[in-house]
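Participant: attaching a predicted model along with its sequence, questions to come.
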Amino acid sequence: MAGISPTKRIWGWYFFDWASQPYNTLMLTFIFGPYFSQTAAQSLMAGGMAEQAAEAQAQALWGYGLTLTGITIAVLAPILGSVADSSGRRMPWIWLFSALYVIGAWGTWYSAPEDFSVFWALLFFGMGLIGMEFATIFTNAYLPSLGPKEELGRISGSGWGFGYVGGVVALAIMLALFQAGDNGLTMAGMRPLLGLDPETGADTRVVGPLTSLWYVVFMIPFFLWVKDGPPPENAHYRVGEGLRDLVRTIKGLPRHPSLLAYLGSSMFYRDALNGMYTFGGIYALGVLDWSIMEVGIFGILAAISGAIFAWVGGLADRKFGPMPVIVVCCVVLILTACLIVGLSPEAIFGMPVAEGSALPDQLFYVAGLLIGAAGGAVQSASRNMLTKQANPQRMTEAFGLYALSGKATTFLAPWLIAITTDITNNQRLGVTPLIGLFSLGLVLLIWVKPNGEES
């Protein structure tokens, strides 16, 4: 790492968040997710299904697809992290999963309405999501080496905030230059660039190639300025040794009750947060009858809120530690989930509103701002909390376990939403399981020591 200053290395690490955030912002939440739901519902209605049932079934299909992706990540994440720790090398894995990210994101272009395939759309999307999640595991593991312990909260928060800004910029570009509204014009008042035809969904499907190219360009600083340290002598990928170390770590978790409780807590509250991100745009599209353009504008506001409060949360983390930040954010997210479940175009918590009232839409905007704020702060504080709980010598493995704790039940929120939506045949009631998941995460924090086993 000779010639690369500590400041450059930190900025290189920040650029991973900037490069990868659009997969969450554009693909998962605000553009491709709603497009999938809308297109799948139209395909089901063309087959004779009633509109409400088709919209609910489309939400359920999205949930089942994410369930399978989450199981894959949960099974492989800690194994790969342990193997990487055994070799002392992380960068080759980041290259590999970056390739999956790029291929998967680009592949979603091939999901035109006229020959729409749920299988291929979910396969490419899942491939890119797996690439993004695994690359995140290995890049997160560099965090403890970026500065002294007391500064890691600020560094983590600044990185997360920088990533949110990247998501905002990418989403603004998408809406200003490509995504057409009901009048056939983009938010900038022009026809979609490159002659993209809204009738074929091309103005929306271009989000895949845009996300892919964005990642390729903005990962350059990361690969230039972030390097592995010198590998151990005769280091190589010892799969057997990595698995044995992983088994030993898992068996030893009961001897580290604070780490175990934290992994359990984050398992539930991060899963619920991912559920909010995953189904927020679909909910607005199906329940509040928004357009993809309106969902995108909503996304910009939520992402700006996330960027600001990830940075604010980082400062609070440095002053008070990550635990108070996580607790406050979980409480805010529980209340926000209750607000979302209580909203419909006709009523708010069962109280009717005037026909055509803008109040439900306005309250959903408030919910989006709260999700962005609390979500940005809690994710930044959460990865810093892990650095306080884990063994510094096994940090990639620890972030693999962290991914496992986040993904072991990552299928749970989509699955519960899918099942609840199927049973109730109602998109609004389908998101009620998120309240319980956030509450479980909050309760388990009781057994977490703020500074790990040292405290």
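Facilitator: Yes, it's here. Numbering: from 1, shown residues only.

Participant: what mean pLDDT does stretch 318-328 get?
Facilitator: What stretch 318-328 shows for mean pLDDT is 89.

Participant: correction: the previous question concerned stretch 89-100.
Facilitator: 91.

Participant: starting at the chain centroid, how far to it?
Facilitator: Distance of stretch 89-100 from the chain centroid (C-alpha atoms, centre = their mean, to the nearest Å) equals 19 Å.

Participant: tell me which residues in it are buried?
Facilitator: For stretch 89-100, a neighbour-count test (16 or more other C-beta atoms under 10 Å) marks 89, 90, 91, 93, 94, 97, 98, 100 as buried. C-beta here means a position set from N, CA and C on the backbone, and glycine is covered the same way.

Participant: any chance of the residues you listed in TSV, with distance to residue 431 and secondary structure too?
Facilitator: Shown next, in TSV, are the buried residues of stretch 89-100 (distance: C-beta to C-beta, whole Å; DSSP: H, G, I helix; E, B strand; the rest coil):
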residue	distance to residue 431	secondary structure
89	41	coil
90	36	coil
91	39	helix
93	34	helix
94	34	helix
97	30	helix
98	32	helix
100	29	helix
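
Participant: what's the weakest-modelled helix or strand in the protein?
Facilitator: Every helix and strand of the chain was ranked by mean pLDDT, DSSP states H and E. The lowest is helix 395-407, at a mean of 63.

Participant: show the residue spans covered by the strands in the stretch 351-455 of the chain.
Facilitator: Under the criterion DSSP state E, counting those that start in this stretch, strands of the stretch 351-455 of the chain are mapped to 351-352.

Participant: low-confidence regions, it specifically.
Facilitator: 390-401, 403-411, 452-455 (pLDDT under 70).

Participant: helices of that one, start to end?
Facilitator: If DSSP state H, counting those that start in this stretch is used as the criterion, the helices of the stretch 351-455 of the chain fall at 359-389, 395-407, 412-424, 427-430, 433-444.

Participant: most tightly packed of these?
Facilitator: Stretch with highest mean neighbour count among the helices of the stretch 351-455 of the chain: helix 395-407 (a mean of 27; mean count of other C-beta atoms under 10 Å).

Participant: and the strands in the protein?
Facilitator: 347-348, 351-352 (DSSP state E).

Participant: tell me which of the ones you listed is the most buried.
Facilitator: The stretch of the strands of the chain with the highest mean neighbour count (mean count of other C-beta under 10 Å) is strand 347-348, at a mean of 14.

Participant: quick one: low-confidence ranges for the stretch 151-300 of the chain?
Facilitator: In the stretch 151-300 of the chain (pLDDT under 70), the answer is 153, 229-246, 249, 278-282, 285-287.

Participant: which stretches of it form helices?
Facilitator: Remark: helices assigned in the stretch 151-300 of the chain by DSSP H, counting those that start in this stretch are 152-177, 202-205, 207-218, 220-225, 239-252, 257-286, 292-320.
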